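S.K.: here is my input; please provide its structure:
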Amino acid sequence: MLIKTFGSAVYGVHAQLITVEVNVDKGVGYQLVGMPDMAIKESAHRISAALKNCGYKMPGKKITVNMAPADLRKEGSAYDLTIAMGILAASEQIQGDDLDQYLIMGELSLDGSLQPIKGVLPIAIQAREDGFKGFFLPKQNAKEAAIVNDLEVYGVDNIKEVIDFFEKNIKLNQVIVNTREEFFENNNKFLFDFSEVKGQENVKRALEIAAAGGHNVLLIGPPGSGKTMLAKRIPSILPPLTLSEALETTKIHSVAGKLGSESSLMTVRPYRNPHHTISGVALVGGGSYPQPGEISLSHNGVLFLDELPEFNRQVLEVMRQPLEDRVVTISRAKFTITYPASFMLIASMNPTPSGYFPNDPKNTSTLQEMQRYMNKISGPLLDRIDIHVEVSPVTFDDLSNKRKGESSAEIRTRVVEARKIQTLRYKTAEGIHYNAQIGPKQIDEFCLLDDISKKLLKSAIEKLGLSARAYDRILRVGRTIADLEKSDIIQSHHIGEAIQYRSLDRESWSK
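M.R.: Numbering: from 1, shown residues only. The predicted structure follows:
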């Protein structure tokens, strides 16, 4: 007897329907075809033990399982439940009349219980688009799938519950999540606030500008000056996620298996802080079976690289293209996957190998050591970082001051107002929402300078030896500063402040 059950495969951040055809006929043997990987080939042993421990059996006949389309590689153990239900129905141990109305996925343990799977959100979205009535999956993943409307989601603990449902022995309760209510209830909850930061007013100002325009930032300062503390608080001043951004971000984390069992929708912007020993594949994504890397997990949020020169230079260089294009493309012989990677890069580093500024008496590094240290970061990568800012040690007076600083909520209000101006300005430009994303065309149209500003900018470029890309960055930052002041025109003091944030460019660091 031939029975069809349905699962799904995730490629990139999108899912594709997989039809599992199970045929039970005369003879002996078990044949699995359709380009399965080793985890799927091993499913026969898990399914056999699970069925036996739940009071059923693997039929002693010839079983052929085909996973269509047969020319796409399938991977992972999430098809255990799909195949098991097909075998039970094809061998007439259960009724299989309604199986084609549901998507069924889950990894089986030997006792029949289900283990969580990856990529549930894109699978649920695809199931709704394909017209399925419902989705059976492990209970740990149920809340994640339930944020998709117009799809019955059933979270189950073991295969026996699924069998009893199709045998009409029990009724299962749907998992229901009020997506909008949960989203708006939690999208303003943060662990860290800028009011806890003592002093560092100039750095706070730079980070406010960066958040308002989506600019990348390099923080340069000695150990203990507060670089990491400041970076952790940046998500709290970024504009709240929109519902579409939250869904897109959740899909990426779902594919990577980074959502907890109690999570459904990501409501705050992600903050990722990888260690400097990270590999290139872990940072940008990839592998034999490609997975999203840290830059994609930071999509719509912040990627913080602490001690930037300690990262492998080759690893850092692979970020250059994603920083410009805001996507990362991973190519293999038979397929190409594109992951979104629109993130705000925040990097930090010590001024010298000894940890102190060159003019500090505590600095013990030679000129050659300092130059070697700075050369670990390439010029093209630095050109993609809009704002370079010094983070000086906090003074005793600031530390002992009991007065709280400006809160994240107050800063965020100004940032949101500036972003609204930018959204309105670029409403006709596809894929551009804020100043850091604009290209030469928008710079020519919206970043016009008067004669005083031009002279100021020309002098700075000649003195600092900045590149053409750095010139564009200054104009973008100047545009953002003007937006924060709600000024239609970029004035000379806007350009002056923007130039100040390039004053630590590579030629001046070791002097």
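S.K.: residue 383: neighbouring residues, count only.
M.R.: Residue neighbour count, defined by other C-beta atoms under 10 Å, stands at 21 for residue 383. Backbone N, C-alpha and C define where each C-beta goes, glycine included.
S.K.: residue contacts, it?
M.R.: By C-beta atoms under 8 Å, 6 or more residues apart in numbering, the residues touching residue 383 are 467, 469, 470, 473.
S.K.: which among those count as buried?
M.R.: 470, 473 (16 or more other C-beta atoms under 10 Å).
S.K.: ok, so of the contacts of residue 383, who is nearest residue 324?
M.R.: Residue 324 has its nearest neighbour among the contacts of residue 383 in residue 469, at 9.4 Å by C-beta to C-beta.
S.K.: where does the stretch 151-300 of the chain have low pLDDT?
M.R.: Within the stretch 151-300 of the chain, the stretches with pLDDT under 70 are 261-263.
S.K.: what ranges does it have for its helices?
M.R.: For the stretch 151-300 of the chain, helices defined by DSSP state H, counting those that start in this stretch occupy the ranges 159-166, 179-186, 201-213, 227-232, 243-255, 280-284, 294-297.
S.K.: buried ones in the first one, by neighbour count?
M.R.: Of the residues in helix 159-166, those buried by neighbour count under the rule 16+ other C-beta under 10 Å are 159, 160, 161, 162, 163, 165, 166.
S.K.: related to what we said a few turns ago, filter the contacts of residue 383 down to just the ones in strands.
M.R.: Among the contacts of residue 383, no member falls in strands (criterion: DSSP state E).
S.K.: for residue 395, state which of the contacts of residue 383 is nearest.
M.R.: For the contacts of residue 383, the minimum distance to residue 395 (C-beta to C-beta) is 30.7 Å, reached by residue 473.
S.K.: touching, that closest one and residue 495? I think so.
M.R.: No: with contact defined as C-beta atoms under 8 Å, residue 473 does not reach residue 495; the gap is 12.0 Å.
S.K.: quick one: residue 456 and residue 450, what's the gap?
M.R.: Separation of residue 456 from residue 450 (C-beta to C-beta, to the nearest Å): 10 Å.
S.K.: what touches both of the two?
M.R.: Residues touching both residue 456 and residue 450 by C-beta under 8 Å, 6+ apart: residue 492.
S.K.: those two: who's more crowded?
M.R.: With neighbours defined as other C-beta under 10 Å, residue 456 and residue 450 compare such that residue 456 has more, 18 against 13.
S.K.: secondary structure class for that one?
M.R.: Using DSSP: H, G, I helix; E, B strand; the rest coil, the structure places residue 456 in helix.
S.K.: pretty sure it sits against residue 495.
M.R.: Yes: counting by C-beta under 8 Å, residue 456 does reach residue 495; the two are 5.6 Å apart.
S.K.: could I get the pLDDT score of residue 380?
M.R.: Note on residue 380: pLDDT of 83.
S.K.: OK, contacts around it?
M.R.: Neighbouring residues of residue 380 by C-beta under 8 Å, 6+ apart: 320, 469.
S.K.: same thing with residue 290?
M.R.: Residue 290 sits next to 12, 330, 332, 337 when contact means C-beta under 8 Å, 6+ apart.
S.K.: element containing the last one?
M.R.: Read that as residue 337. strand 336-340 (DSSP states H and E).
S.K.: what of the second one?
M.R.: Counting by DSSP H and E, the secondary-structure element that holds residue 330 is strand 327-331.
S.K.: tell me which residues in that strand are buried?
M.R.: 328, 330.
S.K.: check stretch 6-20 too.
M.R.: Buried residues in stretch 6-20, counted by 16+ other C-beta under 10 Å: 6-15, 17-20.
S.K.: got the CA coordinates for it in CSV?
M.R.: Listed next in CSV are the C-alpha coordinates belonging to stretch 6-20 (Å, rounded to 0.1, in the frame of the first residue of the first chain):
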residue,chain,number,x,y,z
PHE,A,6,4.6,15.5,4.2
GLY,A,7,7.6,17.2,5.8
SER,A,8,9.8,20.2,4.8
ALA,A,9,13.4,21.1,4.1
VAL,A,10,15.0,24.4,4.9
TYR,A,11,17.4,26.0,2.4
GLY,A,12,18.7,29.3,3.6
VAL,A,13,15.9,31.0,5.5
HIS,A,14,13.1,29.5,3.3
ALA,A,15,11.5,26.1,3.4
GLN,A,16,10.5,23.7,0.6
LEU,A,17,7.8,21.0,0.8
ILE,A,18,9.1,17.4,0.9
THR,A,19,6.8,14.6,0.0
VAL,A,20,7.6,11.3,1.8
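S.K.: tell me how far that stretch lies from the chain's centre.
M.R.: 21 Å (C-alpha atoms, centre = their mean, to the nearest Å).
S.K.: give me the nearest residue to residue 369, chain neighbours excluded.
M.R.: Excluding the flanking residues, the one nearest residue 369 by C-beta to C-beta, 6 or more residues apart in numbering is residue 353, at 5.3 Å.
S.K.: the contacts of residue 290: which two are farthest apart?
M.R.: Using C-beta to C-beta, the contacts of residue 290 span at most 11.6 Å, a distance reached by 12 and 332.
S.K.: the residue nearest to residue 369 touches residue 371, doesn't it?
M.R.: No: using C-beta under 8 Å, residue 353 makes no contact with residue 371, being 10.4 Å away.
S.K.: between those two, which has more neighbouring residues?
M.R.: Remark: of residue 353 and residue 371, residue 353 carries more neighbours, 16 against 13, as counted by other C-beta under 10 Å.
S.K.: which helices and strands does the top strand by length along the chain pack with?
M.R.: Secondary structure assigned by DSSP E gives strand 14-25 as the longest strand of the chain. If you count contacts as 3 or more C-beta pairs under 8 Å, 6 or more residues apart in numbering; DSSP states H and E, strand 14-25 packs onto strand 2-11, strand 62-68, helix 80-90, helix 120-129.
S.K.: since that was my last question, I'll sign off now.
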